[in-house]
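Undergrad: Structure for this input, please:
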Amino acid sequence: MGLNFAGLTDIGLHRSNNQDSYYISPKGDLFIVADGMGGHVGGQEASRLATAAIERYITTHRDSDLASPVLLEQAVLAANTDVLANQQAHPQLADMGTTVVILMIRAGEFWCAHVGDSRLYLLRESGFFQITQDHTWVAQALEEGGLTAEELHQHPWRHVLSQCIGREGLLSVEAQKIKIEIDDRLLLCSDGLTEELSRDAIITNLQAASTCQEAVVQLVEAAKTQGGRDNITAVALFIPDIAERYYRQH
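TA: This next block holds a predicted model:
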C-alpha cells in the first residue's frame with residue numbers, strides 16, 4: 001500500500017546489553033517502544049514481556065466492543081500483570097520494570113497511551129509537538145512550578161519515574177486520540193534518543209529524511225554521535241496521502 005514506517009534499536013556506545021524493545025505490526029497499525037530497567041537481565045526481560053503482552057492483548061481484542069482507550073488501558077495493565085508475575089517467580093528480578101509508549105490505529109482513528117518517559121512526537125507543517133507527557137519526578141515538578149525548563153534538563157533526578165510498568169500502584173492508564181493530517185510524521189522513541197538530541201536536532205533529522213528507514217537510521221546515528229550513553233530506539237511513521245486513505249478504510 002506504500003505505507004511508510006520503520007523501527008531501529010541500538011545498544012549505544014556504553015551499555016553491555018540492550019534493554020529496549022520495540023514492535024511494529026505487519027499492517028502498520030500498532031507501534032510499541034519499551035525501555036526496560038532493573039539490571040541487565042531484568043530490564044531486558046521487562047521490556048520484552050511488556051511489548052509481547054501489549055501486542056497480544058490488542059491483537060486478541062482489536063475486533064471486540066471495547067472502546068479504544070479501554071483497549072489500550074487493559075493492554076498496559078495486562079503487561080503490568082505479566083511483569084509483576086515474573087518478578088514474583090524470579091525474586092532476583094524484583095526491581096525490574098519498563099516504560100512504554102504505544103500508537104494504535106483502529107477504525108481509522110489514531111490513539112496513543114504511555115507509561116514512563118518513552119515519548120511520542122508529531123511533526124507537521126504547523127509545528128513539532130510532544131504528544132506524551134513524561135511520568136517523571138521532574139516533569140511533575142515542572143508542571144507544579146517547582147522547576148524551570150532549563151533546570152529540568154540538568155536535574156540529577158530527571159530519570160526518576162513517577163510511573164512505570166512493573167509496579168503494584170499502576171491502576172489506570174490514560175489514552176488519547178490524535179488527529180492526523182496528510183504529511184504528518186510521527187516518532188516513538190526511548191529516552192536514549194531524547195537525552196542525546198535536542199528538540200531542534202530531532203526536527204532536523206525528521207524533516208531531512210525521505211523515508212522512515214532513513215529517519216530512524218539518522219536519528220539513532222545522531223544520538224550516538226552525541227554520546228550514545230544509553231540504548232537508543234526510534235520508530236517512525238510517515239503519513240503520505242496513500243497512507244492516510246488506507247488508515248481511514250481500516
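Undergrad: in the chain, which ranges drop under the pLDDT threshold?
TA: For the chain, the stretches with pLDDT under 70 are 1-3, 137-158.
Undergrad: in it, which spans are helices?
TA: Assigned by DSSP state H, the helices in the chain fall at 40-61, 68-89, 137-143, 149-152, 191-194, 199-208, 212-225, 241-248.
Undergrad: Among those, show me which one is buried the most.
TA: helix 191-194 (a mean of 26; mean count of other Cβ atoms under 10 Å). Quick note: C-beta positions are derived from backbone N, CA and C, even for glycine.
Undergrad: Could you pick out the longest strand of this structure?
TA: Across the chain, the longest stretch assigned as strand under DSSP state E is strand 97-106.
Undergrad: how far does stretch 238-247 sit from the chain's center?
TA: 21 Å (Cα atoms, centre = their mean, to the nearest Å).
Undergrad: Show me the contact partners of it.
TA: 1-5, 28-29, 105, 108, 110, 180-186, 211-212, 215 (Cβ atoms under 8 Å, 6 or more residues apart in numbering).
Undergrad: Can I have the buried ones of these as a ChimeraX selection?
TA: Entered in ChimeraX, the line below selects the buried ones among the contacts of stretch 238-247, by 16 or more other Cβ atoms under 10 Å:
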select :3,4,5,28,29,105,110,180,184,185,186,212,215
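Undergrad: So which of the contacts of stretch 238-247 sit within strands?
TA: 4-5, 105, 110, 184-186.
Undergrad: Geometric centre of the chain: which residue is closest?
TA: In the chain, the centroid-proximal residue (Cα atoms, centre = their mean) is residue 101; its distance is 3.0 Å.
Undergrad: Contacts only, for that residue.
TA: Residue 101 sits in contact with 32-34, 112-114, 118-120, 132, 188-189, where contact means Cβ under 8 Å, 6+ apart.
Undergrad: Could you work out the most separated pair of those?
TA: Largest separation among those by Cβ to Cβ: 113 and 189, giving 15.5 Å.
Undergrad: Compare those two and say which is more crowded by neighbours.
TA: The neighbour comparison of residue 113 against residue 189 (other Cβ atoms under 10 Å) goes to residue 189, with 28 against 23.
Undergrad: Surely that one is in contact with residue 234?
TA: Yes - the pair residue 189 / residue 234 is scored as a contact, 4.9 Å apart, by Cβ atoms under 8 Å.
Undergrad: Show me the common contact partners of those two, please.
TA: Both residue 189 and residue 234 are contacted by residue 219, under the criterion Cβ under 8 Å, 6+ apart.
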